[in-house]
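Engineer: fold the following for me, if possible:
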Amino acid sequence: MDGNEKQLNDKNIKVLRTYTSDMADAIRTNEVSMIKIVLAEKNKREQELIYKKAEGTTFSKIFLLIGGIILIAAAIFGSYFLFQKKEKEVPIPIPVPTPVVDNVDTFISYDLKSNIDVTGINTPTAFVDLINKEKLTAQGQIKTLFLEKKVDGIMGNLSSKDFFTMIQSTAPSTLIRSLSSNFLLGKYLDSSLISENKDSIFIIFQTNNYDQTYASMLDWEKTMLNDLKSIFDIKLPIPNGKDAIVPEKLWRDVIIDNRDARVIYGDNGEGILYYVFVNKNNLLIASNIETIKEIVERLIIKNTQPL
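Structural biologist: Next up is the predicted model:
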């Protein structure tokens, strides 16, 4: 009995529930959920704070807006300013190139120079009168005479072909064709003439064909003295009294500074006209040996100078 009654009593025992116990159960049951809610709310507030920082403050937004407006206004003003400036610009006229007369200064060094306009000069006498105005004052001076001629209103250097035409030369056409268009006319005041207050003329021609020029010079010897006597102021009588034609036999070979030269002598046995090939590019004509030596030396020095 005692055992059975104890089991019945155990079955009939009821558990008493209170408010405090209910709250404890609820808290235990929902503890995890509440923590999740709190964490989620915290995370939400942090995200909103990050978004607000990224978007910037109201002041920064206003500042950026104003800055953008200023930049747009500056761009519009700059474009307008450039457009107005371009319209007001006066086109700069393109200068018309004027012909430049190139002095032939590659032949020799010189002390003085003169540019002489020979436009309209077509006789040896008129040409001589023109060049006689050019004077030298000091011994050893060289003065180059750059001959110029106006063609179609443009001034240019006189070519060697035009020079032969101007002095009415009878030089063979083969000689003229063999020469470069460049040549140089000049004066030298040497010691042998200073007492007479005279200077010495010289002419330098450049040759394009040495063999043809050499052969043609031998042919020109027949009339060369007659063609050049006025220019070189040769007043001595010609041997045998012949003025227009000079026989070939009157020209002689001579050596000047180890160079072969040709000379024609006057009645007194002095040389009155020489020509010498300084090299295969330059032909020199002069009336005395001292002038030849000076010009040859200057030609050599000029041609051996470094570029």
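Engineer: who's in contact with the closest residue to Asn208 other than its chain neighbours?
Structural biologist: Counting by C-beta to C-beta, 6 or more residues apart in numbering, Asn208 lies nearest to Ser180, which is 5.6 Å off, once chain neighbours are set aside. To be clear about C-beta, it is placed using only N, CA and C from the backbone, and glycine gets the same treatment. Listed by C-beta atoms under 8 Å, 6 or more residues apart in numbering, the contact set of Ser180 reads Ser160, Phe205, Gln206, Thr207, Asn208.
Engineer: 7 Å instead, please
Structural biologist: Ser160, Gln206, Thr207, Asn208 (C-beta atoms under 7 Å, 6 or more residues apart in numbering).
Engineer: top of those residues by neighbour count?
Structural biologist: Thr207 (22 neighbours; other C-beta atoms under 10 Å).
Engineer: that residue pairs with what?
Structural biologist: For Thr207, the beta-bridge partners under DSSP bridges are Leu179.
Engineer: distance of it from Thr119?
Structural biologist: Relative to Thr119, Thr207 is positioned 27 Å away (C-beta to C-beta, to the nearest Å).
Engineer: do Phe127 as well
Structural biologist: Counting by C-beta to C-beta - Phe127 and Thr119 are separated by 12 Å.
Engineer: which one of those two is surrounded by more residues?
Structural biologist: In this view Phe127 and Thr119 are compared by other C-beta under 10 Å, and Phe127 has more residues nearby, 21 against 10.
Engineer: go ahead and confirm that one touches Met166.
Structural biologist: Yes: counting by C-beta atoms under 7 Å, Phe127 does reach Met166; the two are 6.1 Å apart.
Engineer: so what sits against both of the two?
Structural biologist: Shared contacts of Phe127 and Met166 (C-beta under 7 Å, 6+ apart): Val118, Ile121.
Engineer: ok, residues contacting stretch 294-307?
Structural biologist: So stretch 294-307 is contacted by Phe107, Ile108, Ser109, Tyr188, Asp190, Phe202, Asp257, Val278, Asn282, Leu284, Ala286 (C-beta under 7 Å, 6+ apart).
Engineer: just the buried members of those residues?
Structural biologist: Phe107, Ile108, Tyr188, Asp190, Phe202, Val278, Asn282, Leu284, Ala286 (16 or more other C-beta atoms under 10 Å).
Engineer: I'd like to know which of these is nearest to Asn226.
Structural biologist: Ala286 (17.4 Å; C-beta to C-beta).
Engineer: re earlier: in strands, which of the buried ones among the contacts of stretch 294-307 fall?
Structural biologist: Those of the buried ones among the contacts of stretch 294-307 mapping onto strands are Tyr188, Phe202, Asn282, Leu284, Ala286, per DSSP state E.
Engineer: quick check: closest non-adjacent residue to the second one.
Structural biologist: Of all residues beyond its chain neighbours, the one nearest Phe202 is Ala286 (4.3 Å), with distances taken as C-beta to C-beta, 6+ apart.
Engineer: so what's that neighbour up against?
Structural biologist: If you count contacts by C-beta under 7 Å, 6+ apart, then Ala286 has Ser200, Phe202, Tyr274, Ile292, Ile295 around it.
Engineer: now do stretch 133-148, average pLDDT.
Structural biologist: Here stretch 133-148 scores 88 as its mean pLDDT.
Engineer: swap that for stretch 224-239, please
Structural biologist: Per-residue scores along stretch 224-239 average to 82.
Engineer: mind listing what's buried in it?
Structural biologist: Neighbour counts over stretch 224-239 (16+ other C-beta under 10 Å) mark Met224, Leu225, Asn226, Asp227, Leu228, Lys229, Ser230, Ile231, Phe232, Ile234, Ile238 as buried.
Engineer: which residues in the protein form helices?
Structural biologist: With helices called from DSSP state H, the chain shows them at 2-12, 19-55, 58-88, 124-131, 160-166, 173-178, 191-194, 210-220, 224-228, 289-304.
Engineer: mean pLDDT lowest for which of the ones you listed?
Structural biologist: Among those, helix 2-12 scores lowest, with a mean of 50.
Engineer: how near is Ile295 to Asp233?
Structural biologist: For Ile295, the distance to Asp233 - C-beta to C-beta - is 17 Å.
Engineer: and for Ile76?
Structural biologist: Counting by C-beta to C-beta, the gap from Ile76 to Asp233 is 82 Å.
Engineer: ok, back up a step: for Lys143, state which of the buried ones among the contacts of stretch 294-307 is nearest.
Structural biologist: So of the buried ones among the contacts of stretch 294-307, ranked by how close each gets to Lys143 (C-beta to C-beta), first place is Tyr188, at 8.0 Å.
Engineer: for the closest one, give me its contacts.
Structural biologist: Ile142, Asp199, Ser200, Phe202, Thr291, Glu294.
Engineer: and those, which is closest to Lys150?
Structural biologist: Closest approach to Lys150 among the contacts of Tyr188 (C-beta to C-beta): Phe202, at 25.7 Å.
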